[in-house]
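Visitor: A structural model of the following input is requested.
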Amino acid sequence: ELLKSGSLDLRNNKINTHQLDSEIILSHILKETRENLLTNAEREVTKSVVELFNKKILRRSSREPVAYILQIKEFWSKDFFVNKNTLIPRPETELLSENIIKIFKKKTAISILDIGTGTGCILLSILSEIKGGKGTGIDISKKAIDVAKANSKKFFLQNRTRFYPKSFVDLYGCKYDLIVSNPPYIKTSEIKNLSDDIK
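Guide: Predicted coordinates:
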């Protein structure tokens, strides 16, 4: 009943992914998989769960992305911490990480610079696969750097990473084997044509 009411509220607010979003939000609150949630749909939930669920559904109804509501986004089979200080990692960005890992997988040591690191998802995903690698992530946003640092600790990579709030033009006297970057690339004039979630 709770899933249906959440889905209906979202559908009435023209959220195309209303059913999926309702399931993701409730499964996150209950700390279990969607599959387990759906196969055990007859059990009762507490009043506090209902209240929290309804609050999150209300936020989603106003087109706030699910990743910001839950402060989590899966990338490279890892649950990255995200918030409004970073862009949400997108699935197609995994292709960048995948191709880099294929090329450098057999290297025993590699030094990487990630420009505009955001959540740190690209750098941390690469380093999780290239065990001898070390990396530096830079971003002009200090708050984004805080998110990247939190993710490096979450995935136990803080000893192989450094994050700095600076622009690449302020980086001197450093050498890297690989420089990666996936900066915001959508023109300001084109933003109005995007879906509300991406805006």
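Visitor: by mean pLDDT, point me to the weakest helix or strand of this protein.
Guide: Least confident helix or strand of the chain, by mean pLDDT, DSSP states H and E, is helix 34-39 with a mean of 85.
Visitor: and that helix, what's buried?
Guide: Leu37 (16 or more other Cβ atoms under 10 Å). Every C-beta, even on glycine, is put in place using the N, C-alpha and C of the backbone.
Visitor: how far does it sit from the chain's center?
Guide: Once both centres are worked out by Cα atoms, centre = their mean, to the nearest Å, helix 34-39 turns out to sit 23 Å from its chain's centre.
Visitor: kindly report the same for stretch 17-29.
Guide: 17 Å.
Visitor: in it, which residues are buried?
Guide: Under 16+ other Cβ under 10 Å, the buried positions of stretch 17-29 are 18-19, 21-29.
Visitor: same question, stretch 74-85
Guide: Those would be 75-76, 80-83, for stretch 74-85 by 16+ other Cβ under 10 Å.
Visitor: and the residue lying closest to Arg11 once chain neighbours are set aside, what does it touch?
Guide: Distances taken as Cβ to Cβ, 6 or more residues apart in numbering put His18 closest to Arg11, at 4.1 Å, once the chain neighbours are dropped. Taking Cβ atoms under 8 Å, 6 or more residues apart in numbering, we find His18 in contact with 6-11.
Visitor: any of those residues buried? List them.
Guide: 6-7, 9-11.
Visitor: from those, which is closest to Arg63?
Guide: Leu10 (10.0 Å; Cβ to Cβ).
Visitor: for the closest residue to that closest one other than its chain neighbours, phi and psi?
Guide: The shortest distance from Leu10 to any non-neighbouring residue, by Cβ to Cβ, 6+ apart, is to His18 (3.6 Å). Dihedral pair for His18: phi -60, psi -50, per degrees, to the nearest 10.
Visitor: report the separation between His18 and Glu64.
Guide: 14 Å (Cβ to Cβ, to the nearest Å).
Visitor: how about Cys121?
Guide: Taken as Cβ to Cβ, the span from Cys121 to Glu64 is 20 Å.
Visitor: the two - which one has more neighbours?
Guide: More neighbours surround Cys121 than the other of Cys121 and Glu64, with 30 against 15 (other Cβ atoms under 10 Å).
Visitor: isn't the more buried one up against Phe81?
Guide: No: using Cβ atoms under 8 Å as the test, Cys121 is too far from Phe81 to be in contact (10.1 Å).
Visitor: common neighbours of those two, please.
Guide: Contacts common to Cys121 and Phe81, judged by Cβ under 8 Å, 6+ apart, are Asn151.
Visitor: wait, a helix at Ala41?
Guide: No: Ala41 is assigned coil when assessed by DSSP: H, G, I helix; E, B strand; the rest coil, not a helix.
Visitor: that one reaches Glu1, doesn't it?
Guide: No: assessed by Cβ under 8 Å, Ala41 is found out of contact with Glu1, at 9.0 Å.
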